[in-house]
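J.: fold the following, please.
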Amino acid sequence: MRILVVNGPNLNLLGTREPDLYGTTTLTELENGLSKGFPSVEFTFFQSNHEGELIDALQRSKDDGIVLNAAGFTHTSVALRDAIASIEIPVIEVHISNIAARETFRHHSLTAAECIGSIAGLGIKGYHLAVEFFLSPHYD
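T.: Numbering: from 1, shown residues only. Predicted structure coming up:
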């Protein structure tokens, strides 16, 4: 199985940016943890602070599944929502923090309705849960 993990704006700062919300695990540590935790999965990791680059990554993917943390674009990007809708690859939305327990403007996700599921508030474990779902025998 091939899984693309896409991280949006400011997630390159994981480990140092607001550790009370996002923890102390760096993006590299997150990626290494997924690779070690799921050796049978062929991962591609992508991070960008630029909306168009995230859209390009989704559109060029040939993977079996996508784990997407669109970060702030979750709440603002109709274009990213449309990109998810335009591809055949299933996408699971992941958020490290609980977006429903944060500022009001973060309560609504524009992208979630086009994803097969959403995981929020479980820290980096949410990424692992998304991969576990894709590997589940009940997934099709």
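
J.: not counting sequence-adjacent ones, nearest residue to residue 118?
T.: Nearest non-adjacent residue to residue 118, counting by C-beta to C-beta, 6 or more residues apart in numbering: residue 93, 4.3 Å away. (Each C-beta comes from the backbone N, C-alpha and C, glycine too.)

J.: do you know the pLDDT at that neighbour?
T.: Listed pLDDT for residue 93 reads 97.

J.: show the pLDDT at residue 84.
T.: pLDDT, residue 84: 98.

J.: which strand residues bridge the residue nearest to residue 118?
T.: Taking DSSP bridges as the rule, residue 93 bridges to residue 68, residue 118.

J.: measure it to residue 13 for me?
T.: Counting by C-beta to C-beta, to the nearest Å, the gap from residue 93 to residue 13 is 20 Å.

J.: of these two, who's got more company?
T.: More crowded of residue 93 and residue 13, by other C-beta atoms under 10 Å: residue 93, with 25 against 13.
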